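1. Build the 3D model from these lines:
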Amino acid sequence: MEQFEIEERANRIDEIYVAHTSAHRAVAGIEDCLRRSLTAAEPLNAVLIGRAGTGKTTVCNAVLQHLPRRIDVREGKEVTVIPAFYSEIPSPATIRGVASSLLGALGDVHPDRGTAINLTHRVITQLKACETRLILLDEFQHLLDEKRSRREEYRQDVSNWVKTLINKTHVPVVLVGMPECEVLVDADPQLARRFQRRFRLENLGFGGKEKGEFRLFVEALGAAIPEYCNLAGFPDLSSKTEALALYAASGGNPSYATGLLKETVIVTLRARRETTTMEDFAAAYDIGVSQGGSLVKVNPFRLSQEELVRNIKNGFRGVN
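-> Reported below is the predicted structural model:
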């Protein structure tokens, strides 16, 4: 089997959508902001925050999937309708840079041409022409990237620009970023008032007597992998021992867990097998996948359940 085919089969795991409670709540909350903004005097904006790998991109993709781009034909002319789109605040974060990023996401052929004032005018015009109803603006914490001498200036400029954009277009904005970006929002009373709704994503808990979010997450993923990756068999991740090893390896981080699952499938297929074993998980972990989030200093897939619990408690934190 060619390497390309192996990786293509493993990457199908990215197509599996499993929404844990906080992610599901965030998607529902953002969609509620969008719906209510259609009739509200002011648009309902929100902040989506979480550390890397906790599901921010997954939430954004889920929202966008419900609001696909389309081309309508009106009076014999094609009109591009973009109900919602995702864009990033560049670093360094300047008004011109942010406006250019939005124009690029809206399909402008020359998003970098023009002054900040000209680009802003085009953004407002494009939002109306594309009938945009929601903007997902990621990397808001980039306003912290600049040196202290410029940071306050840029932060205030961009914050004021976002407020003006919302006022002139009535399009709700979801600011997406690391937990630090919430501090930026709260530092500006006017911005904080406009972004009262907050959705927080964190690493998933393992649970105790009842299955925690992490166990439910990997159980659903594991059950779907044979079909998506065309495998004959895959370990039962509803088993507490197997799930605990994966939890220890990933720290409960959805992205680390998913990355390890993908690498495990690659290990299986490279060995010219169609059935994945727990030894494949151990081999994938040895490669270095997910070790940045691991709760233990040894390979968790080569430990008993008792050894796992002891290593987790001794190494970092207990299973909760």
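2. make it CA atoms for all contacts and neighbour counts henceforth
-> Will do.
3. ok, Tyr86 to Gly259 distance?
-> 23 Å (Cα to Cα, to the nearest Å).
4. Identify the residues contacting Ala245.
-> Pro300, Phe301, Leu303, Gln305, Leu308 (Cα atoms under 8 Å, 6 or more residues apart in numbering).
5. Can you give me the neighbour number for the first one?
-> Going back to what we said before, that points to Pro300. Neighbourhood size, Pro300 [other Cα atoms under 10 Å]: 26.
6. tell me the pLDDT at the nearest residue to it once chain neighbours are set aside?
-> Distances taken as Cα to Cα, 6 or more residues apart in numbering place Ala245 nearest to Pro300, at 5.2 Å, with adjacent residues excluded. For Ala245, the pLDDT comes out at 95.
7. cool, Ser290 as well?
-> Ser290 is assigned a predicted lDDT (pLDDT) of 77.
8. next one: Arg317
-> 45.
9. what's the spatially closest residue to Ala19 that is not a sequence neighbour in contact with, if anything?
-> Excluding the flanking residues, the one nearest Ala19 by Cα to Cα, 6+ apart is Phe217, at 7.6 Å. Listed by Cα under 8 Å, 6+ apart, the contact set of Phe217 reads Val18, Ala19, His20.
10. right, and the helix or strand after the helix or strand where Phe217 lies?
-> Secondary structure from DSSP states H and E places Phe217 in helix 213-229. Sequence order places helix 240-250 as the next helix or strand after helix 213-229, per DSSP H and E.
11. Give me the angle between that next one and helix 213-229.
-> 100 degrees (axes from the mean of the first three to the mean of the last three Cα atoms, to 10 degrees).
12. can I get the CA coordinates of helix 240-250 in CSV?
-> Extracted C-alpha coordinates of helix 240-250, given in CSV (Å, rounded to 0.1, in the frame of the first residue of the first chain):
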residue,chain,number,x,y,z
LYS,A,240,-12.0,1.7,31.0
THR,A,241,-8.4,0.4,30.8
GLU,A,242,-7.9,1.3,27.1
ALA,A,243,-9.7,4.7,27.6
LEU,A,244,-7.5,5.5,30.6
ALA,A,245,-4.3,4.8,28.7
LEU,A,246,-5.5,7.2,25.9
TYR,A,247,-6.4,9.8,28.6
ALA,A,248,-3.0,9.5,30.2
ALA,A,249,-1.4,9.9,26.7
SER,A,250,-3.4,12.9,25.7
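13. other SSEs contacting the helix or strand following that helix?
-> Using DSSP H and E, the next helix or strand after helix 240-250 towards the C-terminus is helix 254-270. In terms of contacts (3 or more Cα pairs under 8 Å, 6 or more residues apart in numbering; DSSP states H and E), helix 254-270 is packed against helix 3-11, helix 240-250, helix 278-287.
14. now those helices in TSV, with distance to Thr58?
-> Below are those laid out as TSV (distance: least, Cα to Cα, whole Å):
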stretch	distance to Thr58
helix 3-11	15
helix 240-250	18
helix 278-287	24
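15. Packed most tightly, which of those would that be?
-> helix 240-250 (a mean of 24; mean count of other Cα atoms under 10 Å).
16. quick one on the thing from earlier: for the record, mean pLDDT for the helix holding Phe217?
-> Across helix 213-229, pLDDT averages out at 96.
17. Which positions in it come out as buried?
-> Across helix 213-229, burial judged by 16 or more other Cα atoms under 10 Å covers 213-226, 228-229.
18. now stretch 76-87
-> Thr80, Val81, Ile82, Pro83, Ala84, Phe85, Tyr86, Ser87.
19. show me where pLDDT drops low in the stretch 151-300 of the chain?
-> Along the stretch 151-300 of the chain, the parts satisfying pLDDT under 70 run over 151-154.
20. any idea where the helices of this structure begin and end?
-> Assigned by DSSP state H, the chain shows helices spanning 3-11, 21-37, 56-65, 95-105, 116-129, 148-169, 180-186, 189-194, 213-229, 240-250, 254-270, 278-287, 305-315.
21. Please work out which of those helices is packed deepest.
-> Ranked by mean neighbour count, those are led by helix 240-250 with a mean of 24 (mean count of other Cα under 10 Å).
22. now it against helix 278-287, angle please.
-> Using the same axes, to 10 degrees: helix 240-250 against helix 278-287 is 10 degrees.
23. Please work out the angle formed by the directions of helix 240-250 and helix 305-315.
-> Using the same axes, to 10 degrees: helix 240-250 against helix 305-315 is 30 degrees.
24. tell me the centre residue of this structure?
-> Thr57 (1.9 Å; Cα atoms, centre = their mean).
25. so Ile71 touches Cys130, yeah?
-> No - the criterion here is Cα atoms under 8 Å, and Ile71 misses it with Cys130 at 9.9 Å.
26. Touching, Phe214 and Glu202? I think so.
-> No - using Cα under 8 Å, Phe214 makes no contact with Glu202, being 11.0 Å away.
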